[in-house]
Structure formats: structure tokens, C-alpha cells
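Visitor: Turn this into a model:
(one chain, ligands or ions: 1)
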Amino acid sequence: MKTLFEKIIDRDIPADFVYEDDLCIAINDINPQAPIHILLIPKKPIEKLSDCDDCDKDLLSHLFLTVGKITKKLDINNTFRVNINNGKGAGQEVFHLHIHILGGRKFNWPPG
Ligand code: AMP
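Guide: Down below sits the predicted model:
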């Protein structure tokens, strides 16, 4: 069965795309927690970060470099937060790896 994000990648369900390349997509989060809240999602359906292994090295590198491209394009490259929820206890709801990119406001530490 396809994950929610695979359905979005395959255009089975609509989403607000902000970026796409061969390896990943970026969409606006449907329930934004900041003025800018983007989800960067690999096309490869990896359940969560801790499932990645050595063969995902290039993909993970690509994702983080893409964070830089997107934040630069949006002119938030000096202040933004990236977040990955890994597992239910960490708040993960969609079990297809994704990176939250949040910007446009001040962020506190530690997070909740
Ligand atoms: P997580 O809790 O880390 O698994 O994050 C899942 C994120 O997906 C949440 O921030 C949701 O608001 C977001 N989300 C759920 N459904 C959609 C959708 N159809 N389009 C865009 N974002 C979504």
C-alpha cells in the first residue's frame, strides 16, 4: 500500500509543490507550524530516518543540500529550523521519511 507521501509524489492526491527533482519533492505542509513550513520528502519510501543505511548516503546528502537550496531561494537561509520526527514517540505521523523545514518566525530551544 502506498504511503500518503507516495500518493502525493504520484499525483494521486493533490499537494502544493514547491520543489521537485529526480530524488525528492518539497510541498507546503497542510497544517503549518510557522509562516513557512515545507516538507522535503524523498521519492524512495523509507519509513523513518533510523531505517536508512549506507546505501542511502547519497540520498541523505542530497536531501540536506536541497534544504540549503530551498531556504536560499526563500531567503530564509540565515534563520530556519529543520526537524525530523523519528517514530511515534517523537511525533511521527506519516511513516515515509520527511524533513520539516520551518521558517519565518523565531524558534525556541528546547523544542517541546
Ligand atoms: P510527522 O508528524 O513528522 O509525520 O509530519 C507529518 C506532517 O505531514 C504533518 O506536519 C502534517 O501536517 C503533514 N501533512 C499531513 N497530510 C498532508 C497533506 N495531505 N499535505 C501536506 N502535508 C500533510
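
Visitor: where does the chain come near the ligand, residue by residue?
Guide: Contacts of the chain with the ligand, taken as CB under 6 Å from any ligand atom, map to 4, 15, 27, 29-31, 39, 85, 91-94. C-beta here means a position set from N, CA and C on the backbone, and glycine is covered the same way.

Visitor: Among those residues, which lie within strands?
Guide: Among the residues of the chain next to the ligand, the ones falling in strands (DSSP state E) are 27, 39.

Visitor: separation between Phe80 and Asp22?
Guide: Phe80 sits 24 Å away from Asp22, taking CB to CB, to the nearest Å as the criterion.

Visitor: ranges for the helices of this structure?
Guide: Along the chain, the segments classed as helices by DSSP state H run 4-9, 57-73.

Visitor: before we move on, back to that, just the buried residues out of the residues of the chain next to the ligand, in ChimeraX syntax.
Guide: Only the buried entries of the residues of the chain next to the ligand go into this ChimeraX selection, using 16 or more other CB atoms under 10 Å:
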select :4,15,27,29,39,85,92
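
Visitor: Could you work out the most separated pair of the residues of the chain next to the ligand?
Guide: Distance extremes for the residues of the chain next to the ligand: the farthest pair is Ala15 and Gly91 at 20.3 Å, using CB to CB.

Visitor: any idea which of the helices of the chain is most buried?
Guide: Among the helices of the chain, helix 4-9 has the highest mean neighbour count (mean count of other CB atoms under 10 Å), at a mean of 19.

Visitor: got a list of contacts for it?
Guide: The contact list for helix 4-9, computed with CB atoms under 8 Å, 6 or more residues apart in numbering, reads 13-15, 25, 27, 39, 41, 43, 45, 94, 96, 98.
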